[in-house]
Each structure stands twice: as C-alpha cells, then as structure tokens.
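# Generate coordinates for the sequence data below:
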Amino acid sequence: MGKTKLSVNINKVALIRNSRPGNFPDLIQVAKDCESFGADGITVHPRPDERHIRYADIGPLKNVVKTEFNVEGNPTDKFLKLVVENRPHQCTLVPDPPGVLTSDSGYDTLKDKQLLSEVVDELHRHKIRVSIFIDPDPKHVYGAKETGADRVELYTGNFAADYKRDPKNAIASHLDCAKAAREVAIGLNAGHDLNLDNLAFYKASLPDLLEVSIGHALISDAIYYGLQTTIQLYQFRLK
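You can find the predicted model right below:
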C-alpha cells in the first residue's frame, strides 16, 4: 500500500477568523503550522460569499505553502481567474450551486463533459493538475477520464453516514470506483466526513488512494487534542 497524502482543509479556521474583525486566528500561520506538524498539503475552498476562505487569501497562501496547495471550487469565470493567477498544484472542480452549505454531491461527468473538458484544458495550459469531485459511481470515473482530468475525488459523505451500521456496504461503490480508476489510469482522491473513526478502514480498503482532504472533522478534533496531535493522529490512520 502506498502512502496516502493528508491535505488539511482550513476553511473552518477562516470561518472562525471571519466571525470577528481582525486576523485571529492567523490563517497563514495556521497553514504553515499544519505543514510543520506533518500535513502533506493544504486545501481551501473559496465560495462566492467568502464566508470562510476569501479570494484575497489565495495569493498569500500560495506564497507560503511548501507542500501541496489544492484549491477547490465551482469553475465560474471568477474562480478560474483566481486559480490561473495563483497556479496551485491542484484544482478540484466542485459543482457547488450558490449558497450551498457544504459540498454534498459531485459532478455528472457524462452530462457535463463539454464544460469539464474545456475547464480541464484551460487549467492544463497553466500546468495545474485537475481533480473532479464525483459521487462514487464508476460511470463518473470513466467520464472524468474522458475530460482529460488527472484525478477524481470521491464524495465520501454517504460512506461516513453508513460506515458504523454496515461498513462492507458503505465501501462497496468506492471499491468499484477504485477498480475503474485503475482500469483507465486516473488518480484517486477522496473527501467529505472522513474522520478518526472511519479513515483507517477507508484507506485500507482503497490501497491506490492518493490523497484525502479533511477539514471539518480534523479542526473539530483539534479543539480537544490540539492541532499538532490531531494531524499526527490522522497521519497514523493513513499508514
């Protein structure tokens, strides 16, 4: 089994910062600390209302992140301009409608093939790796490959909801996607509601998993364990 990278999503840190005037907690320092504590990357997901990550955060973050910088979002013109100007290592395309609370569904890579192909081509011109956020259905893996994307990110919310009750059934569609990804040679990422309880099982079940992006659960755990210990706990489950 290869090493699965842990990318820490710091949206929730920005949400706390934005709840009052000033710059506390300092988002840039938190990103640097996450890396020094063992994170393999930093993920952010700016949304149009900027309720957590602000568009103005992206440049300063790109300047300090030394591991891997992943910017997620709906590929609107404004978002793509931001990404192209800052050139993160990876851009994850997520079909978030305006006002959505969190990303709870993926792209239909068959229906949206033309749009996604155009966006992938544009990002590739700027040497940016592209991942497409999808529901765990092999047809969307195949569809993503046809767009030219480098990776897919499997939505793991339903897996997390069903894991304690029936882990074998919860992971089944993800195993099918992993098989499809190997078949067409596309990289495999995952994210949403992965946590200290379910992460080790998920990683062990998908040995080709390249990266997980975890924010809400990790930052919540850090309230109790501290950020450094929490990142180490998550890394231990990815061994």
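# Can you tell me what sits against the host helix or strand of Asn169?
Using DSSP states H and E, Asn169 sits in helix 167-184. Helix 167-184 is contacted from outside by 134, 136-138, 140-142, 145, 152, 154, 156, 158-163, 187-188, 190, 201-202, 205-206, 208-209, using CB atoms under 8 Å, 6 or more residues apart in numbering. From N, CA and C alone the C-beta is placed, and that goes for glycine too.
# what's the answer for stretch 212-230, then?
For stretch 212-230, the surrounding residues in contact (CB under 8 Å, 6+ apart) are 4-13, 30, 33-34, 37-38, 43, 70, 72, 92, 102, 153, 189-191, 193-196, 199, 202-203, 231, 233-234, 238.
# quick revisit: residues of the helix holding Asn169 that come out buried?
Ala170, Ile171, Ser173, His174, Cys177, Ala178, Ala180, Ala181 (16 or more other CB atoms under 10 Å).
# Check stretch 190-206 too.
190-196, 198-199, 202-203, 205-206.
# now, which of those lie within strands?
Among the buried residues of stretch 190-206, the residues falling in strands (DSSP state E) are Ala190, Gly191.
# and Asn11, how many neighbours?
Look at Asn11: counted by other CB atoms under 10 Å, it has 20 neighbours.
# just checking, it touches Ile53?
Yes - using CB atoms under 8 Å, Asn11 makes contact with Ile53 at a distance of 5.6 Å.
# All the helices of this structure, in order from the start?
11-18, 27-36, 55-64, 77-86, 113-125, 138-147, 157-162, 167-184, 199-205, 216-225, 227-237 (DSSP state H).
# Tell me the spacing between the closest residue to Pro60 other than its chain neighbours and His174.
Distances taken as CB to CB, 6 or more residues apart in numbering put Ile28 closest to Pro60, at 5.5 Å, once the chain neighbours are dropped. Counting by CB to CB, to the nearest Å, the separation of Ile28 from His174 is 34 Å.
# For stretch 20-27, the averaged confidence score.
For stretch 20-27, mean pLDDT rounds to 97.
# Ignore what I typed, I meant stretch 123-139.
Stretch 123-139 comes out at a mean pLDDT of 98.
# Show me which positions of that stretch end up buried.
Buried residues in stretch 123-139 (16+ other CB under 10 Å): Leu123, Ile128, Arg129, Val130, Ser131, Ile132, Phe133, Ile134, Asp135, Pro136, Asp137, Pro138.
# Over to stretch 72-81?
Those buried within stretch 72-81 under the rule 16+ other CB under 10 Å are Glu72, Gly73, Asn74, Pro75, Phe79, Leu80.
# Ok, stretch 111-127 next?
The neighbour-count check on stretch 111-127 (16+ other CB under 10 Å) flags Asp112, Leu116, Val119, Val120, Glu122, Leu123 as buried.
# The residue nearest to Pro60 and Lys62 touch, don't they?
No - taking contacts as CB under 8 Å, Ile28 lies outside contact range of Lys62: 10.7 Å.
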